[in-house]
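1. Okay, predicted coordinates and the sequence, questions at the end:
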Amino acid sequence: MKKPNPRLKNIPRRAAMNVLLLTFILLYPLTAGLYRIDIMAKVIPLMVFALSVDLLWGYTGIMSLGQAVPFGIGAYIAAISNNVSVGIPSYMRTYGITEVPAVFRPLTNPYLGMALAILIPCLLSFVIGRLLLTGKVRGVFVSLITMALSNVLMLAVNNAQRFTGGSNGVNNVSRPSLFGHVLSITENYYFVALIAALAFAVCAALTSTKLGKVLGAIKVNENRVAFIGYNVTSYKVFIYVFSSALAAMAGILYARTCGMVSPSLTGLSLSISAIIWVAVGGRGHLTGALFGCLLLNGLERIMAGIIGDAWELVIGVILLLIVFCVPDGLVGTLLTARPKVKGLQKKEAANG
């Protein structure tokens, strides 16, 4: 007797989780004040960032410790574009700059600035991907090299104070505007949520195609996929660039929602945090990436308000418990769990 496809059996559970998460996000502003709505609006871009990490690590098996690089570049370009579009930023005037530097003049057009905030990280990721993902560098060495890139970018941002604000970052970034109207806190929340929903839909569509199956096969056995005749490097570079575009878009949303950016957005800490979100939620499950990000960011804010700096210890203990007790992540475990029905077990045993 042919066994049912486990992926098909997971569809109702996955759909139920998606509906539950979407309902929570849609109804949240109805139950919270403006302050908490604004806080949640800052978490949603991080959920998009978690999706980019899950595509790269969860579906393809590439653990990048430099995923904050496209996120940070997108955030900085968006923030600088927002500032120079209305004049000379204060941190530039501090260094005697009286006109927009030539390199930033294209950013005076807000729409071109948004396009460049995604295009530049993608071009950089394409170059890095072609050099790094050829098959000669694998596993932990990819992680180490991307970690080094992240540290180099953070140092560069810190040292270029005339143009990036240095350790103080870029401030006075306004929320997005539509048709000349600057979005309110609640309007911005729903705008960011809409972008996140579209990003999730695109990622879900991508992983369900032949491309997604090839990426999954590369994760399991890269050499066998290459032996069959697929150009593994091209697939890996594509998903690396695509995930970078997603991360850059998340960076743009984060910068415009928070109103500022800092060098920490390009550093190793954010990349590791995103990997933890994905691991807790469930690697290789897009819903898991969203849930893990939402859960840990929510716990962070709750614990920080109750026990102060000791919240890091509590989160660490929770992470260890999840890793050892549910290695597939919370959502991954729920999706793959099989109900224990005695009658069904006896029937399966009788059928051999």
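-> Sure thing, it's come through. Numbering: from 1, shown residues only.

2. all strands of this protein, in order?
-> 177-178, 181-182 (DSSP state E).

3. List the pairing partners of the last one within its sheet, with orientation.
-> Sheet pairing here is set by DSSP bridges, and for strand 181-182 it gives strand 177-178 (antiparallel).

4. contacting residues around the partner strand?
-> Applying Cβ atoms under 8 Å, 6 or more residues apart in numbering, the contact partners of strand 177-178 are 183, 191. Placement of C-beta: from N, CA and C, glycine included.

5. got it, and stretch 138-156?
-> So stretch 138-156 is contacted by 62-69, 72-73, 128, 132-133, 137, 222, 263-264, 266-268, 271 (Cβ under 8 Å, 6+ apart).

6. how about G229, phi and psi?
-> phi 130, psi 0 (degrees, to the nearest 10).

7. distance of it from G267?
-> G229 sits 40 Å away from G267, going by Cβ to Cβ, to the nearest Å.

8. likewise L55?
-> To G267, L55 is 21 Å away according to Cβ to Cβ.

9. Neighbour count: these two, which is higher?
-> L55 (26 against 22; other Cβ atoms under 10 Å).

10. OK, contacts around the more buried one?
-> Listed by Cβ under 8 Å, 6+ apart, the contact set of L55 reads 203, 206-207, 239, 242-243, 246.

11. what about 6 Å?
-> Residues near L55 by Cβ atoms under 6 Å, 6 or more residues apart in numbering: S243.

12. hmm, back to that, out of the strands of the chain, which is closest to L26?
-> Nearest to L26 among these is strand 177-178 (19.4 Å), distances taken as Cβ to Cβ.

13. Show me what counts as buried in stretch 211-229.
-> 212, 214-219, 222, 225 (16 or more other Cβ atoms under 10 Å).

14. Taking those residues together, which two end up most distant?
-> Among the buried residues of stretch 211-229, the pair separated by the greatest distance (Cβ to Cβ) is G212 and E222, at 15.7 Å.

15. Check the closest residue to A117 other than its chain neighbours and give its pLDDT.
-> In this structure, A117 finds its nearest non-sequential neighbour in I77, 3.9 Å apart by Cβ to Cβ, 6 or more residues apart in numbering. Looking at I77, its pLDDT stands at 94.

16. how deep is I77 tucked in, by neighbour count?
-> What I77 shows, counting by other Cβ under 10 Å, is a neighbour count of 26.

17. on that earlier part again, need the strands of the chain in JSON lines with distance to M147, can you?
-> Shown next, in JSON lines, are these (distance: least, Cβ to Cβ, whole Å):
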{"stretch": "strand 177-178", "distance to M147": "37"}
{"stretch": "strand 181-182", "distance to M147": "38"}
